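*Asks:* below are the sequence and a predicted model; questions follow.
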Amino acid sequence: MAQIGKAIKENEIYLRRQDYYKNLIRKLNAEKEKIKLGGGKRAIERQKEKGKLTARERISKLVDDEKSFFELSAFAAYGMYEEQGGAPSSGTIYGVGKINGKYHVIVANDATVKAGAWFPITVKKNIRAQEISIENKLPVIYLVDSAGVFLPMQDEIFPDKEHFGRIFRNNAIMSSTGIPQIAAIMGPCVAGGAYLPIMSDEALIVEGEGSVFLAGSHLVRAAIGEIIDNESLGGAKVQSNISGVTDYVMKNDDECIQKIRSLTNKNWNGNNAGFNRIESKPPKFNPDEIYGLLPEDPIKPYDTYEIISRIVDDSEIDEYKAGYGKTIITAYARIDGWAVGIVANQRSIIKTETGEMQVGGVIYSDSADKAARFIMNCNQKKIPLLFLQDVTGFMVGSRAEHGGIIKDGAKMVNAVANSVVPKITIITGNSFGAGNYAMCGKAYDPRFIFAYPNAKIAVMGGAQASSVLLDIKLKQAEKDGKIFSETEKKNLLNDINKSYDEKSTPLYAAARLWIDEIIDPALTREYVSMALEAANNNPDISKFNVGVIQT
C-alpha cells in the first residue's frame, strides 16, 4: 500500500480555513442544542411532572453509552412549518445505537413537540428509519408517545404511497424478513398510529401513561355515544390483561427501558455479510486537520489526497489506475479496519500526460470510465464503497461531446445504480447536477448519506444558475413591456442569488432528508465505521450484474 498525505504547514491560509470550519461547527452545534429542547423548557417540565422521561433521556438510558448512538436527521423540519409554530427535529428522534453491543435503529416520538404529532416530514423521517433497518437488517426499537397525525396537514400525511400507511406496510415487510421490532407505548398511541406498535413483534406499555386505541374517549362519545375515560378504554391493564393487545405492563419509563434491554439481549444474531475487517490503525495525520484543508469557498481547488490521508487507516491506499482519469481518485483502503473502495472527486487542477489541464471536481470521460470499472471490481470482491463527493458536474463542450462524455457518464451511472455492495456517500463540498447522480447521490440508494457543513447541493453552481434565472426573468419582463435599469438588474440578481444559495445549503437539505446528517469532518472515520458495521449486519449481497458497458 502507498503512503499518502503530508504534514501540515500551519500558514495563514490553513489557519484561516481552520477557523472558518470550526466556526461552522460551533454554529451547527448551537442550532442542534436548541433543537434538543424540542417543544421548549416548559414542555419538558410538563413531561417531568407526569413522571415521564423525555425522548432523548429514554434513548440515552436505552443505549450502551452515548458515544455509541449516532443521531440521524436531527435537523429534519429545520425552518419548516413556521406558521404552525415549528416542529424541532420533526417531533421525532431517531438514529443508530448499540444495545447490548449490537446496532439497532431507535425511533422515539418527542411528546414535547405538539404532543408528538406527525407532520409530513415526520412520516418521511420514520420511513427513512425503517429503510435503514430494512437495508441493513438492523432490529428496530420504537418508543411511542404520540397524539397522532397533525390534523391541519392531514392531506399531506395520510393517503399517498410514501405517507403514513407506508409505515405499517413496512412493519409487515420487516416482520416477514425476520427483522426484530420491539415497541414501547410510553404515552398516547392513537388511531392509525396504533398499528405501528401492535404490528411489531412485541409491545410493552407503561402503566398510567401508555394508552392505545383506534379512537379516544372524545371520538368514541361523538361516534357512538359511549362515555368512557381513556384509561378504561385502552390503558395498560385493559390492553394487556383483557384484550391481549400488548405483551408487557411496565410500572414506569425506567423499568420499560430495562425490559427492552433484556429482550434485545436474547434476539437472534443471525449471519452477517462477512465484509473484511482487521485491527484498526489511526491515520498518520490528525483528522482535525481536515478543517484547514478545505477552502472557505467550495469552488476553489484543494488536494483530495490530503483529505483521504486523514480518514484512512495508517494513511495508506492501494490506488487503482493512478495515472488515468485523474479527476476521480479510485483506491482500496481501510477505515477503522474495514476494507473499503473509495471513489473521490479530485479537486486539484490536473495536468494529463498529454499536457492538457483538467478542472478539478469535473468528471471527464476517462474519469467516468475508470470509476465504472473500479465499482465493478469492488462488487466482485464484495468490498463496500465510500463516495467522497465534491463534484461540479460532467465536462461540457464540443471536445467532451465528441469524445463521448454522455456514453462514459452513462457507464458510470449504470455501475453506481447496479452496484449491490453497501454504498456510503459523504458530500464534502459541491454536489451539482448529474455529478450528484454519478457520485451516488440520494437517488442511488446509498445506505447512508452525510454532508460536511460547507456542502452545496443544487442542479448547478449558484453563479451559473443565477445568471440563467435572471435571463429568464428579464425576457419575461420584456414580453410585458418592462425594461429594467442596471440597478434593478443588480438587485434582482442579488435576490436570485440569495434565494438560490439558501436552497443549496446542507441545512436546507437536512431539513428535507436529502441527507441523513450534517457531520463534523473530524468525525468522518467514526460515521463511516458505524455505517460499515451496520451494513455488515445484512448477509444478502446479491450477484452484481451491470448493464451494457461499452469500451
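*Replies:* Looks like it came in fine. Numbers count the residues shown, from 1 in each chain.
*Asks:* for residue 437, grab phi and psi.
*Replies:* Per-residue torsions, residue 437: phi -70, psi -50 (degrees, to the nearest 10).
*Asks:* now for it, how many residues are close by?
*Replies:* Per other C-beta atoms under 10 Å, the neighbour tally for residue 437 reads 19. Yep, even glycine has a C-beta here, placed from its N, CA and C like the rest.
*Asks:* surely it touches residue 413?
*Replies:* Yes - counting by C-beta atoms under 8 Å, residue 437 does reach residue 413; the two are 5.7 Å apart.
*Asks:* which stretches of the chain have low pLDDT?
*Replies:* 192, 268-270, 402, 461-471, 474, 489, 542-551 (pLDDT under 70).
*Asks:* again, only this time at 80
*Replies:* 151, 191-193, 216, 267-271, 351-357, 396-404, 459-500, 541-551 (pLDDT under 80).
*Asks:* for it, longest helix please?
*Replies:* helix 12-35 (DSSP state H).
*Asks:* counting contacts, what elements does that helix pack onto?
*Replies:* helix 290-293 (3 or more C-beta pairs under 8 Å, 6 or more residues apart in numbering; DSSP states H and E).
*Asks:* what comes into contact with the helix it packs on?
*Replies:* 8, 10, 14-15, 17-18, 20-22, 302-303, 306-307, 310-311, 521-522, 524 (C-beta atoms under 8 Å, 6 or more residues apart in numbering).
*Asks:* equivalent analysis for stretch 362-381, please.
*Replies:* By C-beta under 8 Å, 6+ apart, stretch 362-381 touches 320-321, 324-328, 330, 341, 343, 345, 358, 384-385, 391-395, 400, 403-405, 407-409, 411-412, 414-416, 419-421, 435, 438, 544, 546, 549.
*Asks:* can you flag which of those belong to strands?
*Replies:* 328, 330, 341, 343, 345, 358, 385, 391, 393, 394 (DSSP state E).
*Asks:* quick one: contacts for the last one?
*Replies:* So that's residue 394. 362, 363, 364, 368, 400, 405, 409, 433, 434, 435, 438.
*Asks:* checking the residue of the chain most remote from its centre next. Helix, strand or coil?
*Replies:* Here the chain reaches farthest from its C-alpha mean at residue 481, the gap being 47.1 Å by C-alpha atoms, centre = their mean. Following DSSP: H, G, I helix; E, B strand; the rest coil, we place residue 481 in the coil state.
*Asks:* mind listing the helices for the stretch 451-551 of the chain?
*Replies:* Counting by DSSP state H, counting those that start in this stretch, the segments of the stretch 451-551 of the chain that form helices are 462-479, 486-502, 506-511, 524-535.
*Asks:* after the longest helix of the chain, which helix or strand is next?
*Replies:* The helix or strand immediately downstream of helix 12-35 is helix 41-49, counting by DSSP states H and E.
*Asks:* name the residues of that following helix that are buried.
*Replies:* 43, 44, 47 (16 or more other C-beta atoms under 10 Å).
*Asks:* same check on stretch 237-252?
*Replies:* In stretch 237-252, counting by 16+ other C-beta under 10 Å, buried: 238, 239, 240, 245, 246, 247, 248, 249, 250.
*Asks:* show residues contacting the longest helix of the chain.
*Replies:* Contacts of helix 12-35 (C-beta under 8 Å, 6+ apart): 8, 74-75, 78, 88-89, 290-296, 453-454, 507, 518, 520-521.
*Asks:* can you rerun that using 10 Å?
*Replies:* Under the criterion C-beta atoms under 10 Å, 6 or more residues apart in numbering, residues 8, 10, 40, 71, 74-78, 86, 88-90, 93, 110, 113, 288-297, 300, 302, 452-454, 506-507, 510, 518-523 lie in contact with helix 12-35.
*Asks:* wait, which of the buried residues of helix 41-49 is closest to residue 284?
*Replies:* Nearest to residue 284 out of the buried residues of helix 41-49 is residue 44 (C-beta to C-beta; 44.9 Å).
*Asks:* ranges for the helices of the stretch 251-400 of the chain?
*Replies:* 253-264, 290-293, 304-308, 365-381, 398-402.
*Asks:* related to what we said a few turns ago, the ones in strands among the contacts of stretch 362-381 into a markdown table, with extra columns for distance to residue 164?
*Replies:* Converted to a markdown table, those look like this (distance: C-beta to C-beta, whole Å):
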| residue | distance to residue 164 |
| --- | --- |
| 328 | 41 |
| 330 | 42 |
| 341 | 38 |
| 343 | 37 |
| 345 | 39 |
| 358 | 49 |
| 385 | 33 |
| 391 | 36 |
| 393 | 37 |
| 394 | 39 |
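*Asks:* circling back: using ChimeraX, define a selection of the buried residues within the contacts of helix 290-293.
*Replies:* This is the ChimeraX syntax for the buried subset of those, where burial follows 16+ other C-beta under 10 Å:
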select :17,18,20,21,302,303,306,307,310,311,521,522,524
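*Asks:* residue 299 and residue 432: what is the separation?
*Replies:* Remark: distance between residue 299 and residue 432 (C-beta to C-beta, to the nearest Å) = 10 Å.
*Asks:* between those two, which one's more packed in?
*Replies:* residue 432 (25 against 14).
*Asks:* phi first, then psi, for that one.
*Replies:* According to degrees, to the nearest 10, residue 432 has phi -110, psi 140.
*Asks:* hmm, back to that, next step: the buried residues of stretch 237-252 restricted to strands.
*Replies:* 248, 249, 250.
*Asks:* circling back to that earlier point, pick the one among the contacts of residue 394 closest to residue 336.
*Replies:* residue 438 (26.7 Å).
*Asks:* show me the contacts for that closest one.
*Replies:* 328, 343, 345, 363, 367-368, 371-372, 387, 389, 391, 393-394, 408-417, 444 are the contacts of residue 438 under C-beta under 10 Å, 6+ apart.
*Asks:* buried among the contacts of stretch 362-381? Need that as a selection in PyMOL.
*Replies:* Buried subset of those, written as a PyMOL selection, criterion 16+ other C-beta under 10 Å:
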select buried, resi 320+321+325+326+327+328+330+341+343+345+358+384+385+391+392+393+394+395+400+405+408+409+411+412+414+415+416+419+421+435+438+544+546
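*Asks:* now do the contacts for residue 537.
*Replies:* 102-103, 133, 135-139, 179, 269-273.
*Asks:* does residue 39 really touch residue 109, like I thought?
*Replies:* No - assessed by C-beta atoms under 10 Å, residue 39 is found out of contact with residue 109, at 11.8 Å.
*Asks:* shared neighbours of those two, anything?
*Replies:* Going by C-beta under 10 Å, 6+ apart, residues that sit against residue 39 and also against residue 109 are 91, 115, 116.
*Asks:* closest to residue 226 among those?
*Replies:* residue 115 (23.6 Å).
*Asks:* and residue 191, how close does it get to residue 205?
*Replies:* 17 Å.
*Asks:* so these two - more neighbours on which side?
*Replies:* Neighbours per residue (other C-beta under 10 Å) separate residue 191 from residue 205, with residue 205 holding more: 30 against 15.
*Asks:* partner strands of the strand or helix carrying residue 449, parallel or antiparallel?
*Replies:* If you go by DSSP H and E, residue 449 is part of strand 448-451. Using DSSP bridges, the strands paired with strand 448-451 in its sheet are strand 423-432 (parallel), strand 517-518 (parallel).
*Asks:* for those, which one sits closest to residue 149?
*Replies:* Residue 149 sits nearest to strand 517-518 of all the strands paired with strand 448-451, at 25.9 Å, using C-beta to C-beta.
*Asks:* so how far is that closest one from its chain's centroid?
*Replies:* In terms of C-alpha atoms, centre = their mean, to the nearest Å, the centre of strand 517-518 is set 6 Å apart from its chain centre.
*Asks:* now do the same contact list for residue 286.
*Replies:* Applying C-beta under 10 Å, 6+ apart, the residues near residue 286 are 8, 310, 522.
*Asks:* wait, residue 234 sits on residue 211?
*Replies:* Yes - using C-beta under 10 Å, residue 234 is in contact with residue 211, at 4.9 Å.
*Asks:* these two - which one has more neighbours?
*Replies:* residue 234 (28 against 25).
*Asks:* quick check: beta-bridge partners of the closest residue to residue 434 other than its chain neighbours?
*Replies:* Spatial nearest neighbour of residue 434, excluding adjacent residues (C-beta to C-beta, 6 or more residues apart in numbering): residue 394 at 5.7 Å. Note on residue 394: beta-bridge partners by DSSP bridges are residue 363.
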